[in-house]
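> With the sequence up front, the predicted model follows.
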Amino acid sequence: GILSGEALVYSTLSDDGVTVDRSATSADGAFAGIAAMTIQTSDRTTATSAYDDVGGRNWGWIIVHGPANATIASGSGPSDLVGRSFITSGDAATVGSIQTQAATNAMNGDAVNNAERATSARGGFFLDTAVAGDTSVEVFVENV
């Protein structure tokens, strides 16, 4: 199941446009939003599409635009600063801040690719600054 506050991405395995899942990919470009409620696992055994599954217990609400409480990895709080952009984290179903690159004389391909990926996969911005030990933080989701 999915817990309230978890970062969700559109399923790339399902082409129905409504199926979401948890991600453990940093700056996942398929970001969908933040779970607004706990969503249980499916109780259907024969569903092959979203149409077949309508009304199952695995349907729920997610925040795609607006304020939400998002799950963050414990210990990541001090780098999640108010006003900064958030992306999906490498820690499953959490959000985090865009990591800064060390300044160098030459931009290498990895640094350019990471910067582009993080910018294009931006999910919104932090409404509060988290502190060490926090496991959630207020964010504003801007999934455009």
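Now that the structure is in, tell me what you want to look at.
> What's the first helix or strand after the helix or strand of the chain with the lowest mean pLDDT?
None of the helices or strands of the chain scores lower by mean pLDDT, DSSP states H and E than helix 109-120, at a mean of 68. Next in sequence after helix 109-120, counting helices and strands by DSSP states H and E, comes strand 124-126.
> Can you list the neighbours in contact with that following strand?
Residues from elsewhere that reach strand 124-126, judged by CB atoms under 8 Å, 6 or more residues apart in numbering: 80-86, 97, 137-143. Every C-beta, even on glycine, is put in place using the N, C-alpha and C of the backbone.
> ok, A35 to T129 distance?
22 Å (CB to CB, to the nearest Å).
> Hmm, I typed the wrong one, I wanted G77.
From G77 to T129 the distance is 8 Å (CB to CB).
> what about those two, which has more around it?
G77 (21 against 16; other CB atoms under 10 Å).
> so P78 makes contact with A130?
Yes - the criterion here is CB atoms under 8 Å, and P78 meets it with A130 at 7.2 Å.
> Which stretches in this structure count as strands?
Under the criterion DSSP state E, strands of the chain are mapped to 7-10, 20-22, 31-35, 62-63, 65-71, 85-88, 95-97, 124-126, 136-142.
> quick check: angle from the fifth one to strand 31-35?
Between the direction of strand 65-71 and that of strand 31-35, the angle (axes from the mean of the first three to the mean of the last three CA atoms, to 10 degrees) works out to 70 degrees.
> So what touches strand 65-71?
With CB under 8 Å, 6+ apart as the criterion, strand 65-71 contacts 3-7, 33-34, 36, 86, 93-95, 127, 135-144.
> Please check the residues you listed and keep the buried ones.
Applying 16 or more other CB atoms under 10 Å to the contacts of strand 65-71, the neighbour count classes 4-7, 33-34, 36, 86, 93-95, 136-137, 139-141 as buried.
> Pull the most distant pair out of those.
A93 and F140 (18.6 Å; CB to CB).
> picking that back up, and the strands of the chain: which comes nearest T45?
strand 20-22 (19.0 Å).
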